[in-house]
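> Provided below for reference: sequence and predicted model.
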Amino acid sequence: MRVKHFFFAVLIIAVLSACGGKSTEIAPPTVVPSHTPMPTATIIPTPSTPLAILVLPVDMDQTTSDLYQKTVYDLAQQSNFRFQVRNSLTAADLTDSTLKVVIVLPPDPGIVSLAATVPGVQFLAVNIPNLTAGGNLSVLAGDSQVELPAFLAGYILTMLVEEYHIGMVIPKDNVDAQRAYIAFANGKTYYCGLCRTFYIDPIGYPQKTEVLTDEKTENYGAYANLLINDADVDALYIYPSLANDELLSYIGTQGVLLIGTSMPVPRPGGWVATIRPDTIKAIQTAWPNLVAGQGGINVQSPLGLADVDPDLLTPGRLRLAQETLDSLLAGRILTGNP
């Protein structure tokens, strides 16, 4: 009986062993170490951190104000400067011993006398008239170039109208205006080379008309009409000293294209683009000298294209215009030579 029980127990154990199969060791899950990047080091301003102040007029439109503020803020951050914005500037604002740079837009707060009180601070006057650079005052004046915008205007208008029927209105007996017209004509030639036309061209383009020095401004439109109606001009560039808002708005009703250095509001009909000084780039260019304590310089604004009508100056044409402008600014194209 005991023998039977013994064999029975052995049998049960054998059956259980057969059903159990092989034991499997389960490996613990692999843990992939996560990399947490270290936070970017941030300079925490302290009372000894250099300070830059931007002075903007209180009535400046918000978009332009934001652009100036972002530009100077970004420059200040790159130089580890603190940054403040003011709507006015007095002697009391200059008492901070950490103040290093002040950038001022019109109206003039008396920047010449203010700069003289703190010779260790660099000032940049932006488009404030009748200032002379010197000492710790640098001056970013309105663009005085007449040839570069005229050349680019001739280049752009030539690519937009058939048979190159472009023209320019200039003041009579003005040497700078004559140079600008030559540059305007060379801009046309630079675009089209010999500018061969399908029809015989008895007139020759570009055309120009000269406004008498004592002419009343309300009569300027008649000079433009001479080009539009008598010379069959389809696109005009008005010399900046003649280009008042009333004239440009009137020309905009005559069915021709216009390009200029300042666009009236509302926008005239046929306005292609504005060729104007790029003040933002000029400030960015002047900044390294300001923070290095090197002042008393005249800062030249590079030109830029603004108010572009994308239906007229399409992306491909705009690219060509920008490449030409870049070459003009770099001195690779001379406005006095085709």
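The structure has been received and is ready for your questions.

> in the stretch 1-150 of the chain, which spans are helices?
Counting by DSSP state H, counting those that start in this stretch, one finds helices in the stretch 1-150 of the chain at the ranges 2-20, 62-78, 111-117, 147-160.

> Mean pLDDT lowest where, among those?
Averaged per stretch, pLDDT over these is lowest on helix 2-20, reaching a mean of 48.

> quick one: average confidence on stretch 261-274?
Across stretch 261-274, the average pLDDT comes to 94.

> ends of it, how far apart?
In stretch 261-274, first residue to last residue: 5 Å (Cα to Cα, to the nearest Å).

> Report the distance from it to the chain centre.
17 Å (Cα atoms, centre = their mean, to the nearest Å).

> List the buried residues in it.
Judged by neighbour count (16 or more other Cβ atoms under 10 Å), stretch 261-274 contains these buried residues: Thr261, Met263, Pro264, Pro268, Gly270, Trp271, Val272, Ala273, Thr274. Quick note: C-beta positions are derived from backbone N, CA and C, even for glycine.

> And the nearest residue to the last one once chain neighbours are set aside, how far from Lys188?
Using Cβ to Cβ, 6 or more residues apart in numbering and skipping the chain neighbours, the partner closest in space to Thr274 is Asp307 (4.2 Å). Noted for Asp307: a distance of 22 Å to Lys188, by Cβ to Cβ, to the nearest Å.

> where in the stretch 151-300 of the chain is pLDDT low?
194, 196-203 (pLDDT under 70).

> cutoff 50 now
The model of the stretch 151-300 of the chain has no residue with pLDDT under 50.

> Tell me which residues touch the spatially most central residue of the chain, please.
The centroid of the chain falls nearest to Asp278 when counting by Cα atoms, centre = their mean (4.9 Å). Asp278 sits next to Ser301, Pro302, Leu303, Gly304 when contact means Cβ atoms under 8 Å, 6 or more residues apart in numbering.

> Over to the nearest residue to it once chain neighbours are set aside: give its phi and psi.
The shortest distance from Asp278 to any non-neighbouring residue, by Cβ to Cβ, 6+ apart, is to Gly304 (3.5 Å). Backbone torsions for Gly304, taken as degrees, to the nearest 10, come to phi -140, psi 160.

> How are the strands of the chain distributed by residue range?
51-55, 82-86, 99-104, 122-126, 137-140, 166-171, 207-211, 235-238, 257-260, 271-277, 298-299, 303-306 (DSSP state E).

> Redo these as JSON lines? Include distance to Thr324.
Shown next, in JSON lines, are those (distance: least, Cβ to Cβ, whole Å):
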{"stretch": "strand 51-55", "distance to Thr324": "33"}
{"stretch": "strand 82-86", "distance to Thr324": "36"}
{"stretch": "strand 99-104", "distance to Thr324": "31"}
{"stretch": "strand 122-126", "distance to Thr324": "27"}
{"stretch": "strand 137-140", "distance to Thr324": "24"}
{"stretch": "strand 166-171", "distance to Thr324": "15"}
{"stretch": "strand 207-211", "distance to Thr324": "21"}
{"stretch": "strand 235-238", "distance to Thr324": "15"}
{"stretch": "strand 257-260", "distance to Thr324": "13"}
{"stretch": "strand 271-277", "distance to Thr324": "11"}
{"stretch": "strand 298-299", "distance to Thr324": "24"}
{"stretch": "strand 303-306", "distance to Thr324": "10"}
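
> and of these, who's closest to Ala177?
strand 166-171 (4.0 Å; Cβ to Cβ).

> just the angle between the closest one and helix 147-160, please?
With axes from the mean of the first three to the mean of the last three Cα atoms, to 10 degrees defining the directions, strand 166-171 sits at 150 degrees from helix 147-160.

> What strands line up against strand 166-171, and which way round?
strand 207-211 (parallel), strand 235-238 (parallel) (DSSP bridges).

> Please work out which residues outside the first one touch it.
When contacts are defined by Cβ under 8 Å, 6+ apart, strand 207-211 is touched by residues 166-173, 181, 220, 223-224, 226-227, 231, 233, 242.
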